[in-house]
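Q: curious how this folds, go ahead:
(chains A and B)
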Number of protein chains: 2
Amino acid sequence: MVRLDAHINELDTPALLLDLDALERNIETMAEYIRGVPAELRPHEKTHKTPIIAHKQLKAGAIGITCAKLGEAEAMASAGIRDILIANQVVGEPKVTRLVNLAKHSDIIVAVEDSGNVRHLAEAAKSKGVRLNVIIEVDVGNNRCGTAPGDPTLELAREIANHPSLNMRGLMGYEGFCQNIIDLEERREKATEAMAKLVSTRDLLDDKGFSTEIVSAGGTGTHMITAEYPGVTEVEAGSYIFMDTTYSRVEGLEKYDPSLTVLSTITSLPRPGIAICDAGRKTITFEPSRPMPLAKGLEGIIYEASSEEHGRLSVEEGSGLRLGDKIEFIVSHCCTNVNLYDQFHCLRDDHLEAVWEITARGRSQ
Amino acid sequence: MVRLDAHINELDTPALLLDLDALERNIETMAEYIRGVPAELRPHEKTHKTPIIAHKQLKAGAIGITCAKLGEAEAMASAGIRDILIANQVVGEPKVTRLVNLAKHSDIIVAVEDSGNVRHLAEAAKSKGVRLNVIIEVDVGNNRCGTAPGDPTLELAREIANHPSLNMRGLMGYEGFCQNIIDLEERREKATEAMAKLVSTRDLLDDKGFSTEIVSAGGTGTHMITAEYPGVTEVEAGSYIFMDTTYSRVEGLEKYDPSLTVLSTITSLPRPGIAICDAGRKTITFEPSRPMPLAKGLEGIIYEASSEEHGRLSVEEGSGLRLGDKIEFIVSHCCTNVNLYDQFHCLRDDHLEAVWEITARGRSQ
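A: Numbering: from 1, shown residues only, chains lettered A, B, ... in the order given. I've put the predicted structure just below:
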């Protein structure tokens, strides 16, 4: 229904907007950084869920992509992307069958951490005549998934080696707990400690003759630390392309510009100092411990609370805000926010250049 | 890809499940209650966003439906539903044109609170040869949208009366701030106070000769109060069909059963006492000030934290939980949770009876 080349103020709301100049600048800024360090980039697709953005990242030099879910990997493979790390465990039927079937068409690498799951994958791969790439997820302090560093990881590598249908590619470790630490030195200290666990485990496996060509780690908040840590071969940063109010306050990310916003309309001016907009929790995510959305380029307008369909703004006197005015909000958390929308409205110089389908939205299986 | 009649344990995860027996029981329980009180039911569709559920509510006696967004109303009208209250302001282009166009095909009632918006609607309706039904939203204490009770509402009624293209139908007031008050008597006191503001404003308008046939209010938490308040003609409850862990603790709703769950797989058992499942914030919403999801029918398994793709469970010793086990979680907030999914997997006696498309998911414009 929307006309290409329309001005931003003609767009209906709430809409998820993508500033293409900022997006392209962020992709190039990261690519330039990566060209100067030993590690490569395998950007996380869970952030955008959109094949055309993944292709732009690959064109700029990324060696492959990272996905969180098998369903996302299927969507990306359908769009012609070959080198895909599923940085997550794939457990149980029917997922294991889907995984080995997908591996016939793309170069899939899947994270493992459990010997029973390894045997399940091995049997499924064998029965389909596939050699499945696996990578061991090591818990580097995130307290979520992964084998403990050192001997437990070595033990799982031995199990993998028992199965000719599996191809051991290396290790991954996600220092997720470091990503949002605002202070760069504190973040560096904790991320370095995490990488030491990962790389020392890699050394142990190398000593024992296990193949560990890949050591994958990092996110947007730590990429400048993990990509320079000796032994790390690739970083999985994702949010750098969009940014959000959480990452905007994290030191060391100043060269990345917010490219993702939600366009919203002022639908009510119930009393002085308060305005209501049409972007609430179903269109701007609202998670504990994260800063609120931010009115882009506007002083004196604070997004202070939300309900399902409404955002409540506090507005300084003399703002001149009128019913029907449109405001862009930089979102609080880009990854969960994209997951609410079916499309990006892509702008250049405030005019609509393209509408991109978020193909893998909701592909959570 | 999914086979009808499959057992729940054969379903892939995360999946949004709907227990049809519980859903139908909840619809009938509310219908039975409504048959005994003066007010009618106009259930809120923002909860389910799914035409087949709206049709079931209508068949059980509901006089029409309530929508939060014009896009939802369009989806419902496309599915043959005629009597639709949009309980929200429709502001600016292109929405006002969409609204009057839709009013040619369905009996739309739209909430208003601003004289400029009223004039915009009136002109658009006139130019399309439509007589548009409007209802004034009165702020009964929710501190969000709406005219102040009393004279400001009367003033807007006078503005509406200036426009032959508008048909003044009455008033609505949403006591949203009362819905989640656990204590029934405290809730009753506050909701009664809110209804007094609404009905006294109705009386004022009646005295002045303005038509106020509709007085619409209420939600699931207050329906048993507002539906019995003299002068209220209809209640807009929505969540009673699904329930969630927020409403389960609200006194007076014990006769409604949780029908909505997320089915999740245990994907990691990293250490004793902890299990990781595949339902995180992209598949179970996580909002401040609400209780966590609840493992259905299981003792000793607590959903205690989530990240984007993972839920972390604390597990009592001896739970016997194994990798690949599936758990149903009653969600924390049914309305925002449904908005994450494209389909309900509908079960009866633990077997898949139907898959329903959530047609209005993401229809936030």
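Q: so where's the stretch 1-150 of chain A uncertain?
A: A:1 (pLDDT under 70).
Q: which residue ranges of it form strands?
A: In the stretch 1-150 of chain A, the strands defined using DSSP state E, counting those that start in this stretch lie at A:15-19, A:40-41, A:65-67, A:83-89, A:107-112, A:132-137.
Q: which secondary structure elements does the third one sit against?
A: What it means is strand A:65-67. The contact analysis (3 or more C-beta pairs under 8 Å, 6 or more residues apart in numbering or on different chains; DSSP states H and E) places strand A:65-67 against helix A:51-59, helix A:70-78, strand A:83-89. Heads up, the C-betas are built off the backbone N, CA and C, glycines and all.
Q: give the buried residues for the first one.
A: Of the residues in helix A:51-59, those scored as buried under the neighbour-count criterion (16 or more other C-beta atoms under 10 Å in any protein chain shown) are A:51, A:53-58.
Q: can you put the strands of the stretch 1-150 of chain A in JSON lines and add mean neighbour count?
A: JSON lines is the format used below for those (neighbours: other C-beta atoms under 10 Å in any protein chain shown):
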{"stretch": "strand A:15-19", "mean neighbour count": "24"}
{"stretch": "strand A:40-41", "mean neighbour count": "23"}
{"stretch": "strand A:65-67", "mean neighbour count": "28"}
{"stretch": "strand A:83-89", "mean neighbour count": "24"}
{"stretch": "strand A:107-112", "mean neighbour count": "23"}
{"stretch": "strand A:132-137", "mean neighbour count": "25"}
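Q: okay, the ones you listed in CSV with distance to residue B:108 next?
A: Shown next, in CSV, are the strands of the stretch 1-150 of chain A (distance: least, C-beta to C-beta, whole Å):
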stretch, distance to residue B:108
strand A:15-19, 23
strand A:40-41, 51
strand A:65-67, 42
strand A:83-89, 45
strand A:107-112, 49
strand A:132-137, 53
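Q: and the stretch 201-350 of chain A, which of its residues are near chain B?
A: Proximity of the stretch 201-350 of chain A to chain B, by C-beta under 8 Å from any C-beta of the partner chain, involves residues A:265-270, A:276, A:278, A:281-283, A:285-288, A:307-310, A:312, A:323-324, A:335-336, A:339-342.
Q: among those, which are in helices?
A: A:335-336 (DSSP state H).
Q: can you say which of the residues of the stretch 201-350 of chain A next to chain B are buried?
A: A:265-270, A:276, A:278, A:281-283, A:285-287, A:307-310, A:312, A:323-324, A:335-336, A:339-341.
Q: from the contact counts, what lies against the helix of greatest length in chain A?
A: Longest helix in chain A, counting residues (DSSP H): helix A:184-207. Applying 3+ C-beta pairs under 8 Å, 6+ apart, one finds that helix A:184-207 contacts helix A:151-161, strand A:166-173, strand A:214-217, helix A:223-226.
Q: the inter-axis angle of that helix versus helix A:151-161?
A: Calculated by axes from the mean of the first three to the mean of the last three C-alpha atoms, to 10 degrees, helix A:184-207 forms an angle of 50 degrees with helix A:151-161.
Q: if I look at residue A:108, how far off is residue A:65?
A: When distance is defined by C-beta to C-beta, to the nearest Å, residue A:108 is 11 Å away from residue A:65.
Q: actually residue A:336, not the one I typed
A: Taken as C-beta to C-beta, the span from residue A:336 to residue A:65 is 19 Å.
Q: likewise residue A:344?
A: Using C-beta to C-beta, residue A:344 is found at 18 Å from residue A:65.
Q: show me the contacts for residue A:286.
A: Counting by C-beta atoms under 8 Å, 6 or more residues apart in numbering or on different chains, residue A:286 makes contact with A:292, A:306, A:332, B:287-288.
Q: same thing but at 10 Å, please
A: Residue A:286 sits next to A:280, A:292-293, A:303, A:305-308, A:311, A:332-333, A:336-337, B:285-288, B:336 when contact means C-beta atoms under 10 Å, 6 or more residues apart in numbering or on different chains.
Q: number of nearby residues for residue A:35?
A: 11 (other C-beta atoms under 10 Å in any protein chain shown).
Q: please report phi then psi for the closest residue to it other than its chain neighbours.
A: Closest residue to residue A:35 apart from its sequence neighbours, by C-beta to C-beta, 6 or more residues apart in numbering or on different chains: residue A:61 at 7.0 Å. Recorded main-chain torsions at residue A:61 are phi 120, psi -10, according to degrees, to the nearest 10.
Q: try residue A:344
A: phi -90, psi 140.
Q: could you count how many residues lie near it?
A: Neighbours of residue A:344 using other C-beta under 10 Å come to 26.
Q: isn't it right next to residue A:2, touching?
A: No - using C-beta atoms under 10 Å as the test, residue A:344 is too far from residue A:2 to be in contact (11.9 Å).
Q: any shared contact partners between these two?
A: A:15, A:355.
Q: quick revisit: between the strands of the stretch 1-150 of chain A, which one is closest to residue A:234.
A: When these are ranked by distance to residue A:234, counting by C-beta to C-beta, first place goes to strand A:40-41 at 4.6 Å.
Q: give me every residue that touches residue A:98.
A: Residue A:98 neighbours (C-beta under 10 Å, 6+ apart): A:70-71, A:73-74, A:90, A:124, A:365, B:1, B:12.
Q: neighbour-wise, give me the winner out of those residues.
A: residue A:73 (30 neighbours).
Q: looks like the residue nearest to residue A:35 contacts residue A:41 (just checking).
A: Yes - counting by C-beta under 10 Å, residue A:61 touches residue A:41, with 6.8 Å between them.
Q: list the residues that contact both of those two?
A: A:27, A:30-31, A:34-35.
Q: which one (most neighbours) among those?
A: residue A:30 (25 neighbours).
Q: turn the buried residues of helix A:51-59 into a markdown table, including distance to chain B.
A: Formatted as a markdown table, the buried residues of helix A:51-59 follow (distance: C-beta to the nearest C-beta, whole Å):
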| residue | distance to chain B |
| --- | --- |
| A:51 | 18 |
| A:53 | 18 |
| A:54 | 18 |
| A:55 | 23 |
| A:56 | 22 |
| A:57 | 19 |
| A:58 | 23 |
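Q: residue B:183: which of those is nearest?
A: residue A:53 (49.3 Å).
Q: nearest spatial neighbour of the closest one, skipping sequence neighbours?
A: residue A:241 (6.8 Å).
Q: got the phi and psi for the one you found?
A: phi -70, psi -30.
Q: that one and residue A:260 touch, don't they?
A: Yes - in this structure, residue A:241 is within contact of residue A:260 by C-beta under 10 Å, at 8.3 Å.
Q: tally of neighbours for residue A:121?
A: Neighbours of residue A:121 (other C-beta under 10 Å): 26.
Q: shouldn't residue A:359 be within a helix?
A: No - counting by DSSP: H, G, I helix; E, B strand; the rest coil, residue A:359 is not found in a helix; it is coil.
Q: so what's the residue lying closest to it once chain neighbours are set aside up against?
A: Nearest residue to residue A:359 in three dimensions, chain neighbours excluded: residue A:75, at 4.9 Å (C-beta to C-beta, 6+ apart). For residue A:75, the contacting residues are A:45, A:49-51, A:54, A:67, A:69, A:81, A:358-361, A:363, by C-beta under 10 Å, 6+ apart.
Q: no further queries at this time; thank you.
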